[in-house]
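1. Please find the sequence and the predicted model below.
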Amino acid sequence: MLDGLLLLLLFQFLGEALVSVTGIPVPGPVVGMILLLLALLSRQPVLQRVAPAANLLIGNLTLLFFPIGVGIILEWDRYSDNGLALLVSVVGGTLVTMSLVIVLLKRLLPEAP
Amino acid sequence: MSALVQSPLFGLLLTLVSYRAAWMLYQRSGSHPLLHPFLVAMLPVVLVLWWLDISYQRYMEQTALLQFLLGPATVALAWPLYRQLGNISPIWRPVSIYILVGAPLAASVAVLLAWLLGAPADLLGSLAPKSITTPIALEVVRFTGGYGPLAAGAVAITGIVGAMAAPLLFRLLRVHDDRIRGLALGLTAHAIGTARAFEYSERAGAFSSLALGLTGLVTALALPWLWPWVASLL
């Protein structure tokens, strides 16, 4: 677990450092994720130790962003003027997107059982 | 007592207790999307914050520890992605095309609908990453001038709607392939959709995890560059 956390923080740091040095407009943790993915593809056994910490964090993602989400109720005044636009975009947009990607997938992938 | 209530200990405890109880309810319901802990745990937390007069600002300070972990959690997404990559080697070409078309499509549909209904640029920026997993979406909104809370809410509700609508859409569009079910759920409805995909089969779940990871990656790499251009058109 400790090794996993160490690896995750190390790769996040590398990602943030790369972003800060190059100034590319990409989130640092996402660069860290790409670096870790590339490192994992090298099949170094020591990197497999990332698994317990990674699974713990991913298994509880909702808990991690939950406090930020509370703001949608506590700061609703900020959004209430556009309630309809938000509702249509989030609910309607999701239905439209999912239908379109299914149609796209049916063209791209020949049906297999 | 007032100092204790305003301390991180209280905020974290309130969050964990509420979330734990909501999680138990969600499990007992057989993971019904409408009972997702993001929605259910909101109720006790918001009521207690109002009752004890704890500001949102203070609550964010209290729970800084959880928010900090979103960074390493984003890096951690490399692990399931790495585990799933083997799945696509036979069909990497159609899957790559799918993600490269589908990820911008999901963002465009969300932004376009809200724009047509007159939403201002800061709200559009919050909605653009709504189909990607929350830790990445929260990073992306910093580049699109959006609001974290709104993005987190839009992402959660997108996942819930996607997971609930999927069985109906699969029937209407005659989908019988678990690869398609998984890829559609993962791209549109991120982790909540992936939980739904695992109910179809292990295979659907694996493809959904893959689509979740790749969609988040493509969106995070493309949106910060493209957004200034999109914003200039609005």
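-> Cool, the structure landed.
2. What pLDDT is listed against residue B:30?
-> Here the pLDDT value assigned to residue B:30 is 87.
3. could you measure it against residue B:39, distance?
-> According to CB to CB, to the nearest Å, residue B:30 and residue B:39 sit 16 Å apart. Bear in mind the C-beta positions are built from the backbone N, C-alpha and C, glycine included.
4. same question, residue B:117
-> From residue B:117 across to residue B:39, the span is 24 Å (CB to CB).
5. next one: residue A:76
-> Residue A:76 is 15 Å from residue B:39, where distance means CB to CB.
6. For stretch A:99-107, could you pull out the residues that count as buried?
-> Using 16 or more other CB atoms under 10 Å in any protein chain shown as the test for burial, stretch A:99-107 gives A:99-102, A:104-106.
7. Could you tell me which of those residues belong to strands?
-> Among the buried residues of stretch A:99-107, no member is found in strands (DSSP state E).
8. Tabulate the CA atom coordinates of the longest helix anywhere in chain A in CSV.
-> Secondary structure of chain A per DSSP state H: the longest helix is helix A:2-22. Extracted in CSV, the C-alpha atoms of helix A:2-22 (Å, rounded to 0.1, in the frame of the first residue of the first chain):
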residue,chain,number,x,y,z
LEU,A,2,2.8,2.4,1.0
ASP,A,3,4.7,1.6,-2.2
GLY,A,4,1.6,2.2,-4.3
LEU,A,5,0.9,5.6,-2.7
LEU,A,6,4.6,6.5,-3.1
LEU,A,7,4.5,5.6,-6.8
LEU,A,8,1.2,7.5,-7.4
LEU,A,9,2.6,10.7,-5.7
LEU,A,10,5.9,10.3,-7.5
PHE,A,11,4.2,10.1,-11.0
GLN,A,12,1.9,13.0,-10.1
PHE,A,13,4.9,15.0,-9.2
LEU,A,14,6.7,14.1,-12.5
GLY,A,15,3.5,15.1,-14.4
GLU,A,16,3.1,18.4,-12.6
ALA,A,17,6.9,19.1,-13.0
LEU,A,18,6.7,18.4,-16.8
VAL,A,19,3.7,20.7,-17.1
SER,A,20,5.4,23.4,-15.1
VAL,A,21,8.6,23.2,-17.1
THR,A,22,7.0,23.0,-20.6
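9. Give the buried residues for it.
-> A:4-5, A:7-8, A:10-12, A:14-16, A:18-19.
10. Just checking, which helix or strand succeeds the helix or strand hosting residue A:53 along the chain?
-> Residue A:53 belongs to helix A:51-59 when assigned by DSSP states H and E. Moving toward the C-terminus from helix A:51-59, the next helix or strand (DSSP H and E) is helix A:61-69.
11. Hey, what's the angle from that following helix to helix A:51-59? Just curious.
-> Counting by axes from the mean of the first three to the mean of the last three CA atoms, to 10 degrees, helix A:61-69 points 50 degrees away from the direction of helix A:51-59.
12. Among the buried residues of stretch A:99-107, which ones lie close to chain B?
-> A:99-102, A:104-106 (CB under 8 Å from any CB of the partner chain).
13. unless I'm mixing things up, residue B:187 is touching residue B:210, no?
-> No. Using CB atoms under 8 Å, residue B:187 is not in contact with residue B:210, being 9.7 Å away.
14. Around residue A:60, count how many other residues there are.
-> 16 (other CB atoms under 10 Å in any protein chain shown).
15. could you measure it against chain B, distance?
-> From residue A:60 over to chain B the distance is 8 Å, taken as CB to the nearest CB, to the nearest Å.
16. can you tell if the host helix or strand of residue B:170 touches chain A?
-> For residue B:170, the element it lies in under DSSP H and E is helix B:148-172. Yes. Using CB under 8 Å from any CB, we find that helix B:148-172 touches chain A at B:148-150, B:152-154, B:156-158, B:161-162, B:165-166, B:169-170.
17. circling back: quick one: which of residue A:76 and residue B:39 has more around it?
-> More crowded of residue A:76 and residue B:39, by other CB under 10 Å: residue B:39, with 17 against 13.
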